[in-house]
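1. need a structure here:
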Amino acid sequence: MKNKRNNSTSKFKLSRVVTILDPLGWLYGSITALRNKLYDRGTFTSFEPPQFTVSVGNLTVGGTGKTPLIEYLICLLKNDAPLATLSRGYGRRSRGFLVAQPGTSARDLGDEPLQYFQKFGDLVTVTVCEDRAAGSRQIQELYPEISLLLLDDAYQHRGIRPHVNILLNDYNRPFYEDNPFPAGYLREGRAGARRADAVVVSKCPVGISEEEKGVIRRKISTYTRSGVPVFFASVRYEQPVGYLSQRVARPEAVVAMAGIARPEPFLNYLNNNFKVLKEVIYPDHHDYRQTDLETGLKSIKKGTFVITTEKDMVKLRPLAEAAGVAGHFLYLPIGMDFGTDREPFESWVNETVRKPLLRSFQGNKREI
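-> Residues are numbered from 1 along each chain as shown. As a prediction, the model looks like this:
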């Protein structure tokens, strides 16, 4: 009885908090809706970039899988035309426009752009700029041959007008059941989904049924334009990789360490596949220090490792190498698995991105 009483009290307190915050959420939603109307009517102007531009973003605060989708698109399109990524570079200590170069750190660039550079640096120009329109202009000036621009997390950045908008929707936190901040986790009202040219429902359970997909599609279509496709993808975890090499390692036990927005899927995977000795979780985009290495290593024994996400690895590896302990660290690569939606999604990319991109690229080559 005591537990039931405590649970009902907690639910009551939660409902009271939501009720108190509702007016603030309504106010915030109204402000963002007015801002969007002013952009839609042309009162506020948007810059159309010279590069064929694809924006990947979301309506909610926190991780929805933007980085894996950007990487998926890079793999699909990297051979079609010269391309660049443009991010805000959240958490970096630099300002303005910056191009990733050998020796650039996460403090200069941000963790996700650095991850792109370490994976695709020879194939992709990785850039950051708070002002996406200014960033696009800088890319055009410095790299006029670049014809494709992938915008990372720019859905609410209305100062730039992408050619294609891909909206991510977390299966576990659907935008159509959420409210604007602070009553919920939305960066803007649900009506913002009307700007999407496609919606990707991320972090789905493996083997999600066609029936459930149909239900979700109908709920999403309430807020999108008619005919906007909805695709479904799950997280694909690969085998752990050592910080010092690309060799796949199979640890006996691990200490889980992460500084990401929603660590639950990462932790669930580790607990289901490894013996987890300890979980060390920091806020998203955590600025790692030497003391964080020591915290992770406290529980390490023979045959065990600290295991992190790939995003955390780009910041932790320099510290671990400097301390001579990188051999005790692994990271867990992830990817986006579209399952049965792979062919429909890639067909949509071909029609909506690749074909107009190639026409644009050939036109640019003739001008040059």
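
2. residues touching His163, list them.
-> Phe52, Thr53, Val54, Pro356 (Cβ atoms under 8 Å, 6 or more residues apart in numbering). From N, CA and C alone the C-beta is placed, and that goes for glycine too.

3. and it, backbone torsions?
-> Backbone torsions of His163, given as degrees, to the nearest 10, read phi -80, psi -30.

4. can you give me the helices for this protein?
-> Counting by DSSP state H, residue ranges of the helices within the chain are 2-40, 66-77, 106-109, 111-120, 132-142, 210-221, 264-273, 290-297, 310-323, 342-349, 355-367.

5. For the ones you listed, give me a markdown table that also has distance to Val280.
-> Below are those laid out as a markdown table (distance: least, Cβ to Cβ, whole Å):
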| stretch | distance to Val280 |
| --- | --- |
| helix 2-40 | 26 |
| helix 66-77 | 21 |
| helix 106-109 | 18 |
| helix 111-120 | 17 |
| helix 132-142 | 34 |
| helix 210-221 | 34 |
| helix 264-273 | 11 |
| helix 290-297 | 6 |
| helix 310-323 | 10 |
| helix 342-349 | 35 |
| helix 355-367 | 42 |
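
6. Indicate which one of the ones you listed is closest to Leu168.
-> Leu168 lies closest, by Cβ to Cβ, to one member of these: helix 66-77, at 6.1 Å.

7. re the thing from before, Pro333: which of the contacts of His163 is nearest?
-> Nearest to Pro333 among those is Val54, at 23.0 Å by Cβ to Cβ.

8. ok, the closest residue to the closest one other than its chain neighbours to Val349 distance?
-> Leaving out its chain neighbours, the residue that sits closest to Val54 by Cβ to Cβ, 6 or more residues apart in numbering is Val164, at 4.6 Å. Using Cβ to Cβ, to the nearest Å, Val164 is found at 9 Å from Val349.

9. swap in Thr64?
-> Distance of Thr64 to Val349, computed by Cβ to Cβ: 19 Å.

10. re the thing from before, pick out the shakiest of the helices of the chain, pLDDT-wise.
-> Mean pLDDT is lowest for helix 2-40 among the helices of the chain, at a mean of 63.

11. tell me the contacts of Ile220?
-> Per Cβ under 8 Å, 6+ apart, neighbours of Ile220: Asn169, Pro174, Tyr176, Ala193, Val199, Val201, Val230.
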